[in-house]
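1. Dropping a prediction and its sequence here:
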Amino acid sequence: MSKLIAVQDFSYALSDQSDLTITATILLTGIPSIVNKVNGLGFCLDGFTLQVTNVKTVSATIPDPGPYNASFSATALKVKDLSEGKLVLRIGDKTGVIHATPNIPGSPNTPEPVTFTITITNSGQNFVFAN
């Protein structure tokens with residue numbers, strides 16, 4: 001199925017697998033393609049990295065500071081950045097599972113393990129698709 005290719009201004013969301021309301025600070029650290037671009041924005045490729053810090057839930061308000069480093073995995077089957085030989089990222093591509101443990105305040109604090117992924121929700125462009 002053809003989906004929009006993610007570029008450096010893509011949007012993402014935390015996909016909670018713990019059925020808790022998780023919040024975190026996410027910093028994209030990957031470098032987009034300098035060769036393949038749309039509207040001046042480089043394509044994001046398989047392995048594009050990010051860093052997660054300050055993981056909390058509604059009840060676990062003492063954050064797990066992290067940092068947790070993760071990367072997106074491409075689901076495209078054919079479209080590659082020829083200069084790097086990597087598949088492009090598309091809407092719906094996500095990171096591997098991230099495990100963190102914020103704490104519920106108390107005496108002593110109670111750990112609340114959480115698991116989540118980060119998913120690309122908007123490509124940042126509306127012109128270029130990939131299978």
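-> Noted; the coordinates are in hand.

2. which stretch of helix or strand covers residue 23?
-> Taking DSSP states H and E as the definition, residue 23 sits inside strand 22-28.

3. Direction included, what does that strand pair up with?
-> Sheet pairing of strand 22-28 (DSSP bridges) gives strand 49-57 (antiparallel).

4. The residue of the chain positioned farthest from its centre: what secondary structure?
-> Relative to the C-alpha centroid of the chain, counting by Cα atoms, centre = their mean, residue 107 is the outermost residue, at 34.3 Å. The three-state label for residue 107, taken from DSSP: H, G, I helix; E, B strand; the rest coil, comes out as coil.

5. The residue nearest the centre of the chain - nearest residue in space that isn't next to it in sequence?
-> In the chain, the residue lying closest to the centroid (Cα atoms, centre = their mean) is residue 118, at 3.6 Å. Nearest non-adjacent residue to residue 118, counting by Cβ to Cβ, 6 or more residues apart in numbering: residue 95, 4.7 Å away. From N, CA and C alone the C-beta is placed, and that goes for glycine too.
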